[in-house]
Every structure is written in C-alpha cells, then in structure tokens.
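Colleague: I need the structure of the sequence given here:
(chains A and B)
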Amino acid sequence: MSTFGWVTQLLYVAAAVCFVLGLRLMNSPATARRGNQVSTAGMALAIATTFALVVHAGTVTATGWIVMLAGALVGAGAGLYSARTVQMTAMPQLVSLFNAVGGGAAALVAINEYVKLAGATAGVPEATTITTILDVLIGAVTFSGSIIAAGKLQGLINAAPVTFPGSRAANITAAVVAVGGGIYMIATPSVPVMIIIILAALAFGVTMVMPIGGADMPVVGPAVTSGRWPPMTRPSSSPTRRRSSSCRGTAWPPRRPSTRWPSWPRCWKSAAPRSATPSTRSRAGCRGT
Amino acid sequence: MSTELLTDITIFVLALLVGFEVISKVPATLHTPLMSAANSIHGIVLAGAMLIAVTADNALGYILAFVAAAFAAMNVVGGYVVTGRMLKMFRRSRAPVAAAQAPASLNGRGSGGQA
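Modeller: Numbers count the residues shown, from 1 in each chain, chains lettered A, B, ... in the order given. Below is the predicted model of the structure:
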C-alpha cells in the first residue's frame, strides 16, 4: 500500500473515531452540542480525504467533476436551506426526508458500482455482490419508508393507519421477493434481478410504513434508519401496533416518562406545562383523522 | 469467502456493537437530536457518491453520480444543521442569541458565554 493510501485510510479511521465520540457526547445535554461539532469535524475530514483521493486518482473527466460538484452543491444548498428555514414543529418530517435521501444515495452508489462491475469481463466479486445487496435493500427500504413517514408527519398522506385487504400479504411478499432475489444474486450475479429487488424493497418500505399511525411515526424514523430494523426498536413500538386513538387528548400524557418522542416537547419548550397535551406537531400529524 | 468480505463483516459487526453501546445510555430528552445526528453520519455515503464520479464515463453513470451526490450532500448538510438547531434549544436562557451565531468555529465554546 502506498504512503498516500496509508494516510487516507488513517484519516478515515480518525473520521470514524470522531463519529463515535460525537455520538458518545450526545449522552448529556451539556455536551451534546460539542458532540455534534465533533461529528461535523469528522465528516469534514472524511469528505476532504475523499476529495484528495479523487484528485489523486486523476482519472476524473471534466464532466465527472462538473457532475460531482454540481450535485454536491445542489444537495448541500437544498439541505442547508430546508434545515435553516423549517419550523421547529416540522423538523421530524425533515429529518425523515434527509434520512430518505441518504438511503437513496446509498442505494444509487451501490447500483452504479454493481452495474459497472457486471459489465466488466472479470465479473462481480463476491464481497461486492453481498455488500451491494445489503446496500440496495436497506437503502431502498429507507428511501420509500422514510418518504411515506415524512408525508404522514406532514399531513400529505393520511396519518391514520392505512391498511387494505391483503396489505399484510403484500408486505410479506415484497420482503420475500427482496430477500429471495438477494440470495439468488449471490449465486448468479444479474442486473435485472437487482432491479427487481430494488422495486420489491421500495414496495416493502411503503407497505411497512403505511399501517403505522401518525403518533407512532417518529419511531419509524429510527426503525428504518440505516438498517436498524424494527426488532431493534422497543417492543411497544413495533410497526404492527395500531394506535389510532393517539390523536385523542385522553391518550396524553403517557402515564410514565416515555422514552419515545412525546418527551421532547416537554423538554424543548420549557415554557410549556409538563402535562402539555399533544403538541402542534402531533396535531399536524393527525390532520387526516 | 474472500478475506475482503470477512474483514468487512468483522468491521460491520463490531460497528453494530459500538453503535448500540454508544447510544443505549442516551437520555430520552436527547433521542430526537440523536436520531438526527446518527442520520447525518449516514451522509458519509457522500464519499461513495464522490468516488463513483471518478469512474463514471457514460450517461447512466453521470446521472447516478449526480443524484447520489445531491442526495448525500443534502443528508450531510441538512442533517448537521438541523441537529445543531435542535441542540441549540437545549441551552437555557443563559446566553440567548449572542453565541448562537458562531457555529463554524470548533474551538469557540458555543455555550461558554465568554463573548
């Protein structure tokens, strides 16, 4: 490995350390801001390293540069603008949207890599196939699931649990097709199969999130984020749980300190009474009912 | 099974454990900013989006690279800014606005109130 390769790899490790420390500092409100700064610094380091790597490779075409920089600028501008201007009450849907585009980006990167390697004579290495499958599956589920979640939070989609006859079966079918296609791809690399599993994963994201009511929606964010699957969320918040009654004031406040989102209006808006009934945000989420 | 794949799996599993350990003790009040912060770390996929632009040489590659770069950059920038805004609300009315305008400097203590 060249010196340059060593240095970049070590810088990536440093960035990863920053991410872990940043999350660690989130353990207390006193250090949380510092945590975010450390994490941001890690990200800046990682991106700068990648930039150096790209320059060092020296194979980027002029169009490649334009595409890369224009894409990054457009995305950064959109992200900055929306993050700066969004109402506090609308933040969960924005985070959900960021989550969606992040998952989408991951899936697109994997698709690009796979299509390119599949066209090459050497074929696709096993490690690439497996990481591609995971990336595409998780990314696509994150994308569609988070977009539906954002729509529900924003009130664009009926916030009440939406089910139709066979919706459960559709959900299971989508999951089986996606996973089965993934297993098939390990044995026989194939681009069409990849497209099928992408579509199945997108469908799975939709059918997984549609039956979830508005008040449970903030849980979906973490659940579909970066492949943290529902089993890892708290038992009481599994996606199958129906809480259509959550828009009624009687459901509020929770008896015991909840570890879920209702706690945040209380701590953020210290002016609001502790027993605040559903915040404006949850009412917005219930518009459809 | 190649060594490369084994290494990747090792890193993946260890990272899962690290992530779980690091966030499992975060208090409930910080869960929403934590979700947002963890999400913005996912923006590291921007590195991947930049790297696919290196080898892109046809229309499909360029389109994918462009969309991926835009999505990832939105995730990174928006994620960190939103997290910062959320965390700003945690500051009790000690230094209301003055320190809020210096988010870029990592050395300046945001909440130190030293002006």
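
Colleague: Okay, now the unreliable bits of chain B?
Modeller: Chain B contains residues with pLDDT under 70 at B:1, B:92-115.

Colleague: again, but for chain A
Modeller: In chain A (pLDDT under 70), the answer is A:214-289.

Colleague: can you pull the contacts of B:Phe66?
Modeller: For B:Phe66, the contact set (CB atoms under 8 Å, 6 or more residues apart in numbering or on different chains) comprises A:67-68, A:70-71. All C-beta atoms are positioned from the backbone trio N, CA, C, and that covers glycine.

Colleague: Of those residues, which are in range of chain B?
Modeller: A:67-68, A:70-71 (CB under 8 Å from any CB of the partner chain).

Colleague: Please, where are all the helices along chain B?
Modeller: Along chain B, counting by DSSP state H, helices occupy B:3-23, B:31-41, B:45-55, B:59-88.

Colleague: Most tightly packed of those helices?
Modeller: Mean neighbour count (mean count of other CB atoms under 10 Å in any protein chain shown) peaks for helix B:31-41 among the helices of chain B, with a mean of 27.

Colleague: Is chain A within reach of that one?
Modeller: Yes: for helix B:31-41 and chain A, the contact criterion (CB under 8 Å from any CB) is met by B:31-41.

Colleague: Centre-most residue in chain A?
Modeller: Centroid check for chain A by CA atoms, centre = their mean gives A:Asn99 as the closest residue, at 3.2 Å.

Colleague: on that earlier part again, nearest to A:Gly58 among the contacts of B:Phe66?
Modeller: Closest approach to A:Gly58 among the contacts of B:Phe66 (CB to CB): A:Met68, at 14.2 Å.

Colleague: And the nearest residue to that closest one once chain neighbours are set aside, how far from A:Ile66?
Modeller: Excluding its sequence neighbours, the residue lying closest to A:Met68 (CB to CB, 6 or more residues apart in numbering or on different chains) is B:Ala53, at 3.8 Å. Applying CB to CB, to the nearest Å, the value for B:Ala53 to A:Ile66 is 9 Å.

Colleague: And A:Thr121, by the same measure?
Modeller: Separation of A:Thr121 from A:Ile66 (CB to CB) stands at 30 Å.

Colleague: re the thing from before, do you know which of the helices of chain B lies nearest A:Gln93?
Modeller: Going by CB to CB, the one of the helices of chain B nearest A:Gln93 is helix B:59-88, 11.0 Å.

Colleague: Would you pull up how far that closest one lies from the middle of the chain?
Modeller: 10 Å (CA atoms, centre = their mean, to the nearest Å).

Colleague: what angle separates it from helix B:31-41?
Modeller: Interaxial angle, helix B:59-88 versus helix B:31-41 (axes from the mean of the first three to the mean of the last three CA atoms, to 10 degrees): 150 degrees.

Colleague: relative orientation of helix B:59-88 and helix B:45-55 in degrees?
Modeller: Here the directions of helix B:59-88 and helix B:45-55 differ by 160 degrees (the same axes, to 10 degrees).

Colleague: hmm, back to that, if you count what's nearby, which of A:Thr121 and A:Ile66 comes out ahead?
Modeller: A:Ile66 (14 against 4; other CB atoms under 10 Å in any protein chain shown).

Colleague: Which residues in the helix or strand where that one lies does the neighbour count mark as buried?
Modeller: Here A:Ile66, judged by DSSP states H and E, is contained in helix A:62-85. Using 16 or more other CB atoms under 10 Å in any protein chain shown as the test for burial, helix A:62-85 gives A:64, A:67-68, A:71-72, A:74-76, A:78-80, A:82-83.

Colleague: Are the next helix or strand after it and chain B in contact anywhere?
Modeller: As assigned by DSSP H and E, the chain's next helix or strand after helix A:62-85 is helix A:91-119. Yes: judged by CB under 8 Å from any CB, helix A:91-119 comes into contact with chain B at A:91-92, A:94-95, A:98-99, A:101-106, A:108-109, A:111-113, A:115-116.

Colleague: Give me the distance between helix A:91-119 and the centre of its chain.
Modeller: 9 Å.

Colleague: Distance check, B:Thr7 against A:Ala127.
Modeller: 9 Å.

Colleague: scratch that, A:Phe19
Modeller: Counting by CB to CB, the separation of A:Phe19 from A:Ala127 is 23 Å.

Colleague: How about A:Thr131: what's its closest non-neighbour residue?
Modeller: B:Asp8 (6.5 Å).

Colleague: I figured that neighbour was touching A:Thr129, is that so?
Modeller: No: under the criterion of CB atoms under 8 Å, B:Asp8 makes no contact with A:Thr129, lying 11.9 Å away.

Colleague: wait, what's in contact with the nearest residue to A:Met43 once chain neighbours are set aside?
Modeller: Nearest residue to A:Met43, sequence neighbours excluded (CB to CB, 6+ apart): B:Val76, at 6.0 Å. Taking CB under 8 Å, 6+ apart, we find B:Val76 in contact with A:43, A:47, A:76, A:79, B:40, B:43-44, B:46.

Colleague: Quick one: the residues you listed as JSON lines, columns for distance to B:Leu14 too.
Modeller: Below are these laid out as JSON lines (distance: CB to CB, whole Å):
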{"residue": "A:Met43", "distance to B:Leu14": "21"}
{"residue": "A:Ile47", "distance to B:Leu14": "24"}
{"residue": "A:Ala76", "distance to B:Leu14": "31"}
{"residue": "A:Gly79", "distance to B:Leu14": "30"}
{"residue": "B:Ser40", "distance to B:Leu14": "22"}
{"residue": "B:Gly43", "distance to B:Leu14": "21"}
{"residue": "B:Ile44", "distance to B:Leu14": "17"}
{"residue": "B:Leu46", "distance to B:Leu14": "23"}
